[in-house]
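Asks: Mind looking at a prediction? Sequence and model below.
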2 protein chains.
Amino acid sequence: MRLEFNKEKLISAMGIVFKAIPSRTTNPILECILFDASGDKIKLTANDTELGIETVAEGIIVEKGKVALDARLSFDIIRKLEGGDAPVVIESDSSFTTTISCEDAVFHIQGRDGEEFSYLPVIEKDNYICLSQFTLKEAVRKTIFSAALNDTNKMMGGEYIEVKDHIVKFVALDGHRIAIRSIEMKENYGSAKVIVPGKTMNEISKIMTDDNEKEVLIYFSKNHILFEFDETTVISRLIEGEYFRIDHMLSKDYELKLRVNRTKLLNSIDQSTILIKESDHKPIVLDISENNINLKVKSSYGTMDGKVSCEKTGKDLLIAFNPKFLLDALRAIEDEEVDLYMTNAKTPCYIRDEKESYIYLILPVNFIA
Amino acid sequence: MRLEFNKEKLISAMGIVFKAIPSRTTNPILECILFDASGDKIKLTANDTELGIETVAEGIIVEKGKVALDARLSFDIIRKLEGGDAPVVIESDSSFTTTISCEDAVFHIQGRDGEEFSYLPVIEKDNYICLSQFTLKEAVRKTIFSAALNDTNKMMGGEYIEVKDHIVKFVALDGHRIAIRSIEMKENYGSAKVIVPGKTMNEISKIMTDDNEKEVLIYFSKNHILFEFDETTVISRLIEGEYFRIDHMLSKDYELKLRVNRTKLLNSIDQSTILIKESDHKPIVLDISENNINLKVKSSYGTMDGKVSCEKTGKDLLIAFNPKFLLDALRAIEDEEVDLYMTNAKTPCYIRDEKESYIYLILPVNFIA
C-alpha cells in the first residue's frame, strides 16, 4: 500500500476517528486506526467496539491496500512532520512494516494486518431524523452535564433521545437534577426512544461543526445509533433498558415565580463558590423576599453575602441549593432573563422558558438557617 | 483599616507578590499577603523566608492599619468580584475580621495580625548593577533550563551570576550541560559572584516586563540578592558555597565545526522525540559526513531517519546526544544560523557565537552504532 496526503487534511481526518480510540485497553488492535485503501477511497476507521467512527481522508492511492497503525504513535508522527507543501507518504509492505515520510524525515513503525480489525456493524436505515450539526452539538452541550457518567446506574450515564412527530427531546439526569432540551424539526419523522452512552454524545458534539447549514442524519436501530454527516459515520451501541419516566417528575404547579437577570444571578453564585470546596457540600441559601434574592454561603473559609434583584410573583421563600447545579443550568441558557419556578424548600426548582424549549429541574438541599 | 482599590490594579499588585507564596507550608502566616497601610502608601508583602516580594498597590487609604490575609483565598475572591467600575473595599476591624466587598457582594474572612508577619531583611545597597528588565528576563529564560532544580547538589539548582567590570554572566548547569549568557553593560560596575536559587530566578523572570526601556537594579550582599524595579522589591537568600569552576570546563579547541540552519536542525530533532519516552534514555545519533547531518533514532516504537544539510569544516564524526539537551539549547538561541564545535564522540559539543554572548555545552552520550 502507498498513499499520499496533504498533511493538514490527513490530520483533520485522523483527528475525527481518533475520538473512538479508547484511552486504556489491553487489546492493541483497538488502539489502531485502520487505513483502508482497498477500494477507490481512503477510509480511516477506529472502533472501540462500543463507539466506532469512520471517515474518508482525501489523498492519492498510489498502491491499494490496508494496514492498521497505532493511533497515538502515527498521529504524533504526522503532526510533527514539517515539510511545507510536501506530501505525507504512508507506505506498507506485505509484513505491514510501515514507512511514514515527508521530505527528509523518514519514520519506520510496525503496523498490523487490517484483517484483524473489526468493521463497524451494518444497521438498517429506515428510522431517522435530520438536524443541523450546530443544533445537535448545542442540544448535547446543554444537557449532557446533568448526566452522571460514572454512576453505577448505567442509565444515568446516558443521554435519552426521544423522537415524536416533529419534536426531538434530549434528556440527561442524575439523582439531583434533570436537563431537557426540545427541538422542533422541519419534518414529521417517526418515533424513537433511545439511551445513548454519554461518552458517545460528548465525542459527537466535539466532531460536529458550528455550522448551521451542515446537516447530520441520525439513524435509530434496536441496538445502535448512527450519525452520518459530511463523509463521516459514527456508530454507537445503545444502553439497554427503559429510561426514567420524565413526565412523572415534572410539574407545572408553583407558588413562586422569579424573573431574574441570568448573568447577574450566575455571577453572584459563581462568586460564592470560592468559599466552597467540592468535598464540602456547602449549600448556597437563597432568601427570596420582596424583589430581591439574597444569597448566603457560609464555610470554614468565611461567609459571603450577595444580592440580586428580581421580579417576584408569589410568596417569600428560604431555599438552598448545591451552587454547582444552579451554575450549570444557568450557563446552559442563552436567554438574558430567566424564569425560576418554586413551590417550597423541599420541592424542585424549575428553570424553563414559556414554550419549554428548555427545562432544568434542580432539587433543593437541606440546610440550617 | 479601610482601603479602596481599582480591581484590576489590585489584582496586578497581588499577582506580583503572590509569587513568593509557597505552594506548601505548615505555617499559615507564610500563606498570607500583608496589607500594610500604616504609612502613606499601601504596601503588599509576601515572604516565604527564602524569597520575599514587596510592591506598592495603588489605592485610597480611608483608614490606616495593617492586616495579613490568606493569599489564595483573598486573591480568588478579588478576582471573582464583578462590579464594573465599583471599587473593591477591604476593611478590617481590631480582631482582624476582614470584609472584602464590591457592590452587592460582601465576603467576610478571618485575617491575621500584621505584627506576626516577618518583614523583608534590610541589606546594604553599595554593590549593584543595572539592566533592562527585558535583558534580565531573557538571560534567565535562556539559561535556567540547564539547572537541576531538584538535584541533591543545591548548587546545581542555582543560577550563578558573575559581575566583572562591564560584563555580567548568567550560568546554569547540571551534570550533563552548561548554559552561559554574557551581557555587556553600559557602565563598569564592581565585581560580584553569587548563586541564586533557581526558583527565585524563575519567579523574577515572570514578574519582569518585556519592556526594554524599563530598568531593574540588582544589589548584591553577602547573603542576599535584591531586585528593585518599578515599585517592587524582590529579595532572595543566596545559595552558600563556591560555584563550579566553569572556565576549567570550557575549551576552544575543536576538530569539527558545523554551521547549520537552527530551525531545520531543531525541527528534525523535535520529530525524533516522538519515538522516545523520557524514561527511555534513547539517544539521537548524529552521523556527520560530507555536508549533511544524518540523524537517527531507534526505540521500541520504531525508527526515524532525518537529514539536515550543513557547512562542515573538519573531519567526519559519529556522535550521540540526549535529544532534549540539544533541543533546549537550540530553542534558547535566536540566531538563524548556529555553529556547533566538536572534537570526538566522548568530548563536549559547544554551540556558541563568535563573541561568546552565548555558550551551550552539551556532553555526548554512549551509544551502540
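Replies: Received, thanks.
Asks: Return the alpha-carbon coordinates of stretch A:289-297 using PDB.
Replies: Extracted in PDB, the C-alpha atoms of stretch A:289-297 (Å, rounded to 0.1, in the frame of the first residue of the first chain):
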ATOM      1  CA  SER A 289     -38.200  38.300  49.800                       C
ATOM      2  CA  GLU A 290     -39.700  41.500  48.200                       C
ATOM      3  CA  ASN A 291     -37.900  41.900  44.900                       C
ATOM      4  CA  ASN A 292     -34.600  40.500  45.900                       C
ATOM      5  CA  ILE A 293     -32.800  37.200  46.000                       C
ATOM      6  CA  ASN A 294     -30.400  37.400  49.000                       C
ATOM      7  CA  LEU A 295     -27.700  34.800  48.600                       C
ATOM      8  CA  LYS A 296     -25.600  33.500  51.500                       C
ATOM      9  CA  VAL A 297     -22.800  31.000  51.800                       C
END
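Asks: does any bit of that stretch sit next to chain B?
Replies: No - using CB under 8 Å from any CB of the partner chain, stretch A:289-297 stays clear of chain B, coming no nearer than 8.9 Å. Where C-beta positions appear, they are placed from N, C-alpha and C, glycine not excepted.
Asks: Name the residues that touch that stretch?
Replies: Applying CB atoms under 8 Å, 6 or more residues apart in numbering or on different chains, the external contacts of stretch A:289-297 come out as A:258, A:260, A:265, A:268-269, A:272-273, A:275-276, A:282-288, A:303-312, A:316, A:323.
Asks: Ok, stretch A:122-130 next?
Replies: Contact with stretch A:122-130 is made by A:163, A:168, A:185-187, A:189-190, A:192, A:215-221, A:224, A:226, A:235, as judged by CB under 8 Å, 6+ apart.
Asks: Give me the subset of the contacts of stretch A:289-297 lying in helices.
Replies: A:265, A:268-269, A:272, A:323 (DSSP state H).
Asks: The closest residue to chain B within the stretch 201-350 of chain A: neighbour count?
Replies: Of all residues in the stretch 201-350 of chain A, the one sitting closest to chain B is A:Gly302 (3.6 Å; CB to the nearest CB). The tally of other residues near A:Gly302 (other CB atoms under 10 Å in any protein chain shown) stands at 21.
Asks: so it sits right up against B:Ile109, yeah?
Replies: Yes - in terms of CB atoms under 8 Å, A:Gly302 counts as a neighbour of B:Ile109; the distance is 3.6 Å.
Asks: out of the contacts of stretch A:122-130, which are buried?
Replies: Among the contacts of stretch A:122-130, the ones that count as buried by 16 or more other CB atoms under 10 Å in any protein chain shown are A:163, A:168, A:189, A:192, A:215-216, A:218-221, A:224, A:226, A:235.
Asks: Now do the helices in the stretch 101-250 of chain A.
Replies: A:133-141, A:198-207, A:246-249 (DSSP state H, counting those that start in this stretch).
Asks: with the buried ones among the contacts of stretch A:122-130 in mind, which one is nearest to B:Met14?
Replies: A:Val216 (47.3 Å; CB to CB).
Asks: That closest one: what's it in contact with?
Replies: Going by CB under 8 Å, 6+ apart, A:Val216 touches A:130-133, A:136, A:208, A:227-229.
Asks: would a markdown table of the helices of the stretch 101-250 of chain A with mean pLDDT be doable?
Replies: As requested, the helices of the stretch 101-250 of chain A are exported to a markdown table (pLDDT from 0 to 100):
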| stretch | mean pLDDT |
| --- | --- |
| helix A:133-141 | 96 |
| helix A:198-207 | 94 |
| helix A:246-249 | 92 |
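Asks: And for the residue of the stretch 51-200 of chain A found nearest chain B, the neighbour number?
Replies: Nearest residue of the stretch 51-200 of chain A to chain B (CB to the nearest CB) works out as A:Ile109 at 3.6 Å. A:Ile109 sits with 21 neighbouring residues when counted by other CB under 10 Å.
Asks: now swap in the one 5 residues further on and tell me
Replies: Applying the criterion other CB under 10 Å, we find 23 residues in the vicinity of A:Gly114.
Asks: Am I right that it is in contact with A:Thr45?
Replies: No - assessed by CB under 8 Å, A:Gly114 is found out of contact with A:Thr45, at 9.4 Å.
Asks: Quick check: neighbours shared by those two?
Replies: A:34, A:36.
Asks: Of all the residues in stretch A:166-180, which ones are buried?
Replies: By 16+ other CB under 10 Å, the buried positions in stretch A:166-180 come out as A:168-174, A:176-180.
Asks: any chance of the residues you listed in a markdown table, plus distance to A:Ile21 and pLDDT?
Replies: Below are those laid out as a markdown table (distance: CB to CB, whole Å; pLDDT from 0 to 100):
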| residue | distance to A:Ile21 | pLDDT |
| --- | --- | --- |
| A:Val168 | 29 | 97 |
| A:Lys169 | 31 | 97 |
| A:Phe170 | 26 | 98 |
| A:Val171 | 28 | 98 |
| A:Ala172 | 24 | 98 |
| A:Leu173 | 29 | 96 |
| A:Asp174 | 27 | 94 |
| A:His176 | 32 | 95 |
| A:Arg177 | 31 | 97 |
| A:Ile178 | 32 | 98 |
| A:Ala179 | 28 | 98 |
| A:Ile180 | 32 | 98 |
